[in-house]
Structure formats: structure tokens, C-alpha cells
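Visitor: Everything below, folded, please.
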Amino acid sequence: MSMSPERSFAFRPAEHLRRPVDFRRVYERKRSVSDAWLIVYACTNALPYSRVGFSVSRKVGPAHHRNRLRRLYREAYRLTRHEMAKGLDLVLIPRSREEPSLEELKQSLPRLVNQLQRKLAKEAGHS
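Guide: This is a model prediction of the structure:
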């Protein structure tokens, strides 16, 4: 069976959060969940796909280490986004300078994002 284009693992530029105003909007929504590796902030975006941004603090270490973490978290997102809710803007923040395995992140990320999605949906139902 061939892979459908829906389940393509390509990560398009439109799926990146880049502008400070987009990051601010996600943070101002004040909805987050976390585990030992990761803090995930989210808000709805009214698009048929989710977008993701990464915020890696200088406290985590020098630039090469921050970039390595960013690449690792991006790869985990790319490989698991088909398991996650769509229509969200996400900001992923590594919790520590320790480097998790890709497998740990691939388990953690969809669980956290879907937890956040349920939180947002529940709030939308109450307004």
C-alpha cells in the first residue's frame, strides 16, 4: 500500500511559526502542558494544518547545542504530526539541556499536543 499524500513527512515552510507576533499570540493564550522533556504552548489557528515554532533559551547552552536540540525536536514533530490534532499553533520549549532520545520525544509530543487540544476544545465548549 502506498503512502497517501496526507501522510507526507515533508515539513513545508508554511508550517513554521516564525514571526514574533505569532509566538506572542500563542503565549498570551496561556495554555500549556509539559513533561520531563518538553513544555508545549498552543492556541487554535483556524487553518487546516498545525504550525510549530521552537523556543530554546540561551540557558540551555551554546548555539550549537541549542541548534541540535531544535533539530531533534523538529524531527520528532515531523515524524509524529500525523498523530496530532490539526489547526493548532504550537511552541515547543525544551525543559532542560539534557538531550532526550528521538524515541522518547516521539512518544511524548503527540500525547502532550492531544492533551492540549482536548483542553482547548473543552474551553471552547464552555464559552
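Visitor: does residue 53 have beta-bridge partners, and which?
Guide: residue 91 (DSSP bridges).
Visitor: For it, which residues are in contact?
Guide: 16, 17, 18, 22, 23, 26, 89, 90, 91, 92 (CB atoms under 8 Å, 6 or more residues apart in numbering). Where C-beta positions appear, they are placed from N, C-alpha and C, glycine not excepted.
Visitor: Buried subset of these, written for ChimeraX?
Guide: Written as a ChimeraX command, the selection of buried residues from the contacts of residue 53, which uses 16 or more other CB atoms under 10 Å, is:
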select :17,22,23,26,89,90,91,92
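Visitor: Nearest to residue 75 among the contacts of residue 53?
Guide: Comparing these against residue 75 with CB to CB places residue 92 closest, at 11.7 Å.
Visitor: dump the residue contacts of the closest one.
Guide: 38, 39, 40, 52, 53, 54, 55, 73, 77, 109.
Visitor: Which among those residues count as buried?
Guide: Buried, going by 16+ other CB under 10 Å: 38, 40, 52, 53, 54, 73, 77, 109, out of those.
Visitor: And the pLDDT for the first one?
Guide: The one in question is residue 38. As predicted, residue 38 sits at a pLDDT of 93.
Visitor: next one: phi and psi at it?
Guide: Dihedral angles of residue 38 (phi, psi; degrees, to the nearest 10) stand at phi -150, psi 140.
Visitor: contacts for the lowest-mean-pLDDT helix or strand in the chain?
Guide: The weakest-scoring helix or strand in the chain, judged by mean pLDDT, DSSP states H and E, is helix 102-126 (a mean of 89). With contact meaning CB under 8 Å, 6+ apart, helix 102-126 is reached by 31-35, 37-38, 40, 42-44, 50, 72-73, 75-77, 79-80, 83-85, 88, 90, 92, 100.
Visitor: Appreciated, that's everything.
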